[in-house]
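Student: pasting the sequence and the predicted coordinates here, then a few questions.
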Amino acid sequence: VLPFKNIGTAGENDHIVEGIVDDLNIMLTNVDGLKVIGSASAKSYKDTDKTPAEIGQELNTGTLLQGSIQKAGNQLKINVKLVDANTGELIWGKPFEGNETERFGLQSQIVKSVGENLGGIAIDEAKMANLKKSGTTNPKAYDLLQRARMESMKYTRESSQRAVAMFEDAIQADPNYADAYVGLADAYTQKVGTSIDYPLESYPKAIAALKTALKINPNHAAALAKSSHFAMVFEWDIPEAKQLIAKANEINPLNPDVIIHDVEMLMRSGTYDLATEKIKKALKNDPKSSMLLMYLIGSYQAQGLIEMADDFAIQLLKFSPYAQYPIHLRSIALSKRKKFAEAETMLKEAIAADDNNPVSVMSLGVVYWKQNKKEEALELLTELLNEAHFSYIKSDIIIRFYAAMGDEENALKWIERAIELREPGVFYLTWGSLTDDLLQDERVTKLYEDAGIADLLPDKKTSSN
């Protein structure tokens with residue numbers, strides 16, 4: 001499903017158009033017999049000059065769904081066409097018109113028509129009805145949700161806060177909007193990820209939002225998958241996490257959130273080979289998915305394959321230039337090659353572009369330390385420690401800094417803090433790199449054992465090999 005053209009004032013309804021196309025993509029993944037290219041990859045062809053044949057070859061698909069959307073007041077006109085990617089010839093085309101409140105019905109008609117014109121593939125009405133339970137007929141709520149999603153995609157401190165407010169406004173407009181509760185859970189999660197809120201502050205709010213979403217629609221695949229994530233990294237309830245992700249897979253194994261959190265479960269158990277295989281398979285359908293690439297990088301890093309991880313970090317940064325984790329990994333890889341000046345430049349740009357984000361500040365400090373600029377490194381460490389007195393700084397950021405410096409005593413204190421705060425970093429530290437040696441310390445083993453999570457440690461995990 002390629003990006004649809006917005007017929008109207010430039011920029012005015014772009015978020016609505018993108019939302020409708022994203023919905024179509026999710027709906028099509030629920031159609032048995034269809035291979036659907038992921039939305040992240042499809043979006044890269046917005047305003048492209050490439051021919052259908054070129055796009056089809058790059059995406060490895062034989063048919064393209066294209067179109068345009070015109071929004072005039074409360075009225076929608078959606079023009080849709082199926083194009084043969086090999087010949088560029090039109091297979092089928094049709095306009096669909098209706099009121100905004102009838103949006104889901106219009107989308108269902110489109111999906112049904114696509115199936116009929118691709119070999120008579122039947123649509124599972126029960127699956128469509130399930131998706132409808134998660135949506136809204138309230139135009140204002142839908143508008144706010146799409147704006148909030150666009151903010152979330154920026155993944156900065158400021159955008160995270162704006163996204164929370166927008167999702168809350170969407171819920172106020174329609175209290176039965178399951179997708180909005182799932183989006184709100186994401187936004188609260190992002191506030192922890194961008195070092196705004198403590199996990200004990202934001203994660204219970206995210207979990208509560210997901211519970212509300214599942215109360216509205218017990219078969220919401222993304223809500224189940226995200227609930228599995230929290231059961232694993234925050235509540236440390238692995239049986240519950242496995243049960244939730246299993247149910248999500250039963251509903252829609254091709255849902256992007258289901259794939260991501262299924263992979264996360266595999267990585268937690270140390271079966272990195274299976275995790276890597278699953279990610280690579282998913283990347284064939286969505287080669288430009290930032291989240292899939294993020295977890296592939298993590299899987300390679302956990303296996304000590306830093307060069308391979310770095311190759312994909314470079315690829316990811318083409319789509320998300322200031323994403324914290326791949327920038328951090330790139331700085332490690334560049335430092336190993338003694339390319340300190342390149343690492344410094346990249347990190348300083350990231351710090352300036354993303355509100356002095358602590359991950360890049362830490363990464364810059366590590367680069368300084370590795371080239372024996374200890375005064376500069378300690379100055380940055382002091383800045384982070386001072387900030388931690390007044391606002392939330394993820395413990396794993398400080399742990400990695402101390403680990404790189406070889407200061408195991410202080411690193412241990414921050415691991416204790418991470419466990420006490422039930423931070424997801426307790427899990428992500430086991431992906432290795434700067435913390436490889438630290439995780440072999442018997443005192444770390446004792447801390448993890450006392451918390452009941454010793455199976456997270458590398459030597460406690462079981463491999464499928």
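Tutor: Here it is on my side, so go on. What you are looking at is a predicted structure, and each value in this text was computed from that prediction instead of being measured.
Student: what's near enough to touch the closest residue to E383 other than its chain neighbours?
Tutor: In space, not counting the residues next to it along the chain, E383 is nearest to V361; the distance is 6.8 Å by C-beta to C-beta, 6 or more residues apart in numbering. (Each C-beta comes from the backbone N, C-alpha and C, glycine too.) When the contact criterion is C-beta atoms under 8 Å, 6 or more residues apart in numbering, the partners of V361 are 351, 380, 383-384.
Student: now V361, what's its secondary structure?
Tutor: Of the three states, V361 takes helix according to DSSP: H, G, I helix; E, B strand; the rest coil.
Student: separation between K373 and L364?
Tutor: Counting by C-beta to C-beta, to the nearest Å, the separation of K373 from L364 is 10 Å.
Student: show me which of these two is the more surrounded one.
Tutor: Here K373 and L364 are compared on neighbour count by other C-beta atoms under 10 Å; more neighbours surround L364, at 22 against 15.
Student: next, the contact list for the more buried one, please.
Tutor: Per C-beta under 8 Å, 6+ apart, neighbours of L364: 331, 344, 347-348, 351, 380.
Student: got it, and P326?
Tutor: 293-294, 297, 312-314, 316-317, 320.
Student: just I399 next, same as before
Tutor: With C-beta under 8 Å, 6+ apart, I399 has these contacts: 411, 414-415, 418, 425, 429, 435, 438.
Student: do the same with Y177
Tutor: 135-136, 138, 141, 145, 170-171, 216.
Student: tell me the one of those nearest E449?
Tutor: Proximity of the contacts of Y177 to E449 (C-beta to C-beta) peaks at I216, which lies at 39.9 Å.
Student: and the closest one, how many residues sit next to it?
Tutor: I216, neighbours per other C-beta under 10 Å, totals 18.
Student: could you find the closest non-adjacent residue to it?
Tutor: Distances taken as C-beta to C-beta, 6+ apart place A178 nearest to I216, at 4.2 Å, with adjacent residues excluded.
Student: do you know how far the one you found is from S152?
Tutor: With the distance defined as C-beta to C-beta, A178 ends up 17 Å from S152.
Student: any regions of the stretch 101-250 of the chain where pLDDT drops low?
Tutor: Counting by pLDDT under 70, the stretch 101-250 of the chain shows no low-confidence range.
Student: residue boundaries of the helices in it?
Tutor: Under the criterion DSSP state H, counting those that start in this stretch, the stretch 101-250 of the chain carries helices at the ranges 103-116, 125-134, 139-152, 157-173, 178-193, 199-216, 221-233, 238-251.
Student: give me the helices and strands touching the last one, please.
Tutor: So that's helix 238-251. Helices and strands touching helix 238-251, by 3 or more C-beta pairs under 8 Å, 6 or more residues apart in numbering; DSSP states H and E, are helix 221-233, helix 256-268.
Student: residues contacting the first one, please?
Tutor: Residues lying outside helix 221-233 but in contact with it, judged by C-beta under 8 Å, 6+ apart, are 178, 181-182, 185-186, 189, 203, 206-207, 210-211, 213-214, 217, 237-238, 240-242, 244-245, 247-248, 251-252, 255, 257-258, 260-262, 264-265, 268, 424, 426-427.
Student: likewise for the last one?
Tutor: Counting by C-beta under 8 Å, 6+ apart, the neighbours of helix 256-268 from elsewhere in the structure are 38-39, 221-222, 224-226, 228-229, 232, 238, 241-242, 245, 248-249, 251-253, 272, 274-275, 278-279, 282, 286, 289, 291-292, 295, 298-299, 302, 427, 431, 456.
Student: re earlier: most tightly surrounded among the helices and strands packed on helix 238-251?
Tutor: The densest packing among those, expressed as mean neighbour count by mean count of other C-beta atoms under 10 Å, is seen in helix 221-233 with a mean of 26.
Student: how far is that helix from where the chain is centred?
Tutor: Helix 221-233 has its average C-alpha position 13 Å from the chain's average C-alpha position, going by C-alpha atoms, centre = their mean, to the nearest Å.
Student: repeat for stretch 199-219
Tutor: Distance of stretch 199-219 from its chain centroid, counting by C-alpha atoms, centre = their mean, is 17 Å.
Student: likewise for stretch 148-160?
Tutor: 12 Å.
Student: tell me which helix or strand Q66 sits in.
Tutor: Taking DSSP states H and E as the definition, Q66 sits inside strand 63-72.
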